[in-house]
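> below is the sequence, then the predicted model.
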Amino acid sequence: MECELLNSCGFFKKYSETKDLACRSFIRNYCKGQKMTECKRKEYRKTHGKPPVDDMMPSGGIIAS
Ligand code: SF4
């Protein structure tokens, strides 16, 4: 099971290869897991008609760089 937005998602593109454990667990739980319907990035897209910044996490927070 994978999120239907996987191929167009900036977060996934940017962080799919990361070793960062927090990001990896987001990907496991949201992008490829049970919580994909709860993804705040998805919700943002729906509300604003465009995707959020790449650094917005599926939980809605922004990754500090
Ligand atoms: S971050 Fe959200 S919208 Fe992007 S691929 Fe993962 S579940 Fe889908």
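Perfect, I can see it now. Numbers count the residues shown, from 1 in each chain.

> CA atoms for contacts and neighbours, from now on please.
Fine.

> distance of residue 29 from residue 5?
15 Å (Cα to Cα, to the nearest Å).

> buried ones in the top helix by length along the chain?
Counting residues, the longest helix found in the chain (DSSP state H) is helix 40-48. Residues of helix 40-48 classed as buried under the neighbour-count rule (16 or more other Cα atoms under 10 Å) are 40, 41, 42, 43.

> report the central residue of this structure.
Nearest to the geometric centre of the chain sits residue 58, at 4.2 Å (Cα atoms, centre = their mean).

> isn't there a strand covering that residue?
No. Read with DSSP: H, G, I helix; E, B strand; the rest coil, residue 58 is coil and lies in no strand.

> how about it, what does it touch?
Going by Cα atoms under 8 Å, 6 or more residues apart in numbering, residue 58 touches 26, 30, 38, 39, 40, 41, 42.

> distance of the third one relative to the ligand?
In this structure, residue 38 and the ligand are 8 Å apart, going by Cα to the nearest ligand atom, to the nearest Å.

> quick revisit: check whether the longest helix of the chain contacts the ligand.
Yes. Legend: contact between helix 40-48 and the ligand by Cα under 6 Å from any ligand atom is shown at 41, 42.

> so residue 29 touches residue 38, yeah?
No. Counting by Cα atoms under 8 Å, residue 29 sits too far from residue 38 to count as a contact (10.2 Å).

> who's more crowded, these two?
residue 29 (15 against 12; other Cα atoms under 10 Å).

> isn't there a helix covering the more buried one?
Yes. Looking at residue 29 with three-state DSSP, it is inside a helix.

> helix/strand/coil for the spatially closest residue to it that is not a sequence neighbour?
Residue nearest to residue 29 in three dimensions, not counting chain neighbours: residue 35, with 5.7 Å by Cα to Cα, 6 or more residues apart in numbering. Three-state assignment for residue 35 (three-state DSSP): helix.
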